[in-house]
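>>> Here's my sequence, what's the structure:
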Amino acid sequence: MTADAEGLVVASHGRHCVVESSDGARRICHPRGKKAQAVVGDRVLWRMPAPGQGDEGTVERVLPRRNLFYRQDEVRSKSFAANLDQVLVLVAAEPVFSESQLTRALIAAEAAGIPALIALNKSDLVEPFTRAWERLWPYRHMGGDGDAAHHYRVLPLSLTESGEVDRQALMPLLRARTTLVLGPSGAGKSTLVNLLVPGAAAQTGEISQALNSGRHTTTSTQLYWIDAGRRTALIDSPGFQEFGLRHLAPTDLARCMPDIAAHAGECRFYNCTHLHEPGCAVMAHVGDARGAQAVSPQRHRIYGELFAELSQSRY
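Okay, here's the model as predicted:
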């Protein structure tokens, strides 16, 4: 019997995935049972097909994960990727981005223990960009005081296919890391991937063609190597319009929102919801004043909406 080999899942769609061996060779594989269901970024043990059994391999086992980034609505969970070093959330000055969706993605990253970057695209659109950059003030200053590091790094971008300035700004933040690129449709994710991975479109075409043979359909999430040494990876994910957090309890929200978490331990009541209780330290910091310890009214409003949504989902 063929011994199991270790590999990396570099693309997935449905129950099928593409596994890359240590030598860089890639093969379509399918899981052997539910415990072998893998996502992009997973390290797996996989097996070559037996003679006469076709050319697709089988994933025998998913190796232990460092983390898993996913969302969950009322019906199902959607796993984006595993074993990430960071998430890059890309939004644009136009179309106007949803701060609620941005917050949801950041909360999911915090819940999974994955650092997040925020990039605002289309800095060439001066007035829309100025408005959008202003909206991101709480994220640009959150957690920093004086020269202290801020919780989120926020980057201005003007993505084009030949955006060397953007490439130079991004590469130091991506080098030697596995980064999931996340964002709504129209934010510029495809342009970003093509800028950093010149052969991305061709790679996508090759994998899609392979997965389309017979019963397979087009890949939806894919890992690209930025460097020849295969140490810096970019994972492209489908655009999303909704981002459910039903895998979290309402009491998880405060610790997953750094500006609220900074004050949550100072409230009069240990079980404070930070919505209406007297002596709430979070509510005492809600306001339009600019400061690293401030909680913006918009962020607090989103927190309240999510608290209500997750409370309702428990019944």
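>>> Which neighbouring elements make contact with the helix or strand harbouring R61?
Secondary structure from DSSP states H and E places R61 in strand 57-62. If contacts are counted by 3 or more C-beta pairs under 8 Å, 6 or more residues apart in numbering; DSSP states H and E, strand 57-62 sits against strand 16-20, strand 26-31, strand 43-47. Quick note: C-beta positions are derived from backbone N, CA and C, even for glycine.
>>> Mean neighbour count, those: which tops it?
strand 16-20 (a mean of 23; mean count of other C-beta atoms under 10 Å).
>>> Given that one, what are its sheet partners and their directions?
strand 5-13 (antiparallel), strand 26-31 (antiparallel) (DSSP bridges).
>>> Any stretches of the stretch 201-315 of the chain with poor pLDDT?
202-219, 313-315 (pLDDT under 70).
>>> quick one: the helices in it?
Remark: helices assigned in the stretch 201-315 of the chain by DSSP state H, counting those that start in this stretch are 258-264, 281-284, 297-312.
>>> Please point out which parts of the second one sit buried.
This points to helix 281-284. A281, V282, M283 (16 or more other C-beta atoms under 10 Å).
>>> For M48, state which of the residues you listed is nearest.
Nearest to M48 out of these is V282 (C-beta to C-beta; 55.7 Å).
>>> Verify the contact between the closest one and H274 for me.
Yes - checked against C-beta atoms under 8 Å, the pair V282 and H274 is within contact range at 4.0 Å.
>>> shared neighbours of those two, which are they?
Jointly contacting V282 and H274 under the rule C-beta atoms under 8 Å, 6 or more residues apart in numbering are A254, I260, A264, C267, H300.
>>> Tell me the helix or strand right after the host helix or strand of T179.
When secondary structure is defined by DSSP H and E, T179 falls within strand 178-182. Next helix or strand after strand 178-182 toward the C-terminus (DSSP H and E): helix 189-196.
>>> Quick check: the most centrally placed residue in the chain vs R26, distance?
Residue closest to the mean C-alpha point of the chain, counted by C-alpha atoms, centre = their mean, is V87 at 4.3 Å. Here V87 is placed at a distance of 25 Å from R26 (C-beta to C-beta, to the nearest Å).
>>> ditto for R140
40 Å.
>>> for L63, same thing?
18 Å.
>>> what does E164 give?
30 Å.
>>> Likewise for R231?
In this view, R231 and R26 are 18 Å apart by C-beta to C-beta.
>>> TSV for the helices of the stretch 201-315 of the chain, including distance to H13?
What follows is the helices of the stretch 201-315 of the chain, written out as TSV (distance: least, C-beta to C-beta, whole Å):
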stretch	distance to H13
helix 258-264	34
helix 281-284	42
helix 297-312	29
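>>> For H247, find the nearest of those helices.
helix 297-312 (9.6 Å).
>>> Need the residues that contact that closest one.
99-100, 103-104, 107, 138, 245-246, 248-250, 253-254, 257, 259-260, 273-275, 282-283, 286-288.
>>> and stretch 72-79, how far from the chain's centre?
15 Å (C-alpha atoms, centre = their mean, to the nearest Å).
>>> buried stuff in it?
By 16+ other C-beta under 10 Å, the buried positions in stretch 72-79 come out as Q72, K78, S79.
>>> Equivalent analysis for stretch 298-315, please.
R299, H300, I302, Y303, L306, F307, L310, S313.
>>> returning to what we had before: what sits up against the very next helix or strand once past the strand holding R61?
Beyond strand 57-62 on the C-terminal side, the first helix or strand identified by DSSP H and E is strand 68-72. Residues from elsewhere that reach strand 68-72 (C-beta under 8 Å, 6+ apart): 39, 77-82, 84, 87, 104, 108-109, 112, 114, 180, 240, 243-247.
>>> Narrow those to just the buried residues.
Buried among these by 16+ other C-beta under 10 Å: 39, 78-82, 84, 87, 104, 108-109, 112, 114, 180, 240, 243-247.
>>> Domain boundaries for the chain, per the record?
5-62, 68-236, 250-312 (automatic domain parsing).
>>> so how far is the first residue of the longest one from its last?
Read it as domain 68-236. This stretch, domain 68-236, spans 15 Å end to end (C-alpha to C-alpha, to the nearest Å).
>>> Out of the buried residues of stretch 72-79, the closest to A92 would be?
Taking the buried residues of stretch 72-79 together and measuring to A92 by C-beta to C-beta, the closest member is K78, at 22.2 Å.
>>> and the closest one, that's in a strand?
Yes - per DSSP: H, G, I helix; E, B strand; the rest coil, K78 lies within a strand segment.
>>> contacting residues for it?
K78 makes contact with Y70, R71, Q72, according to C-beta under 8 Å, 6+ apart.
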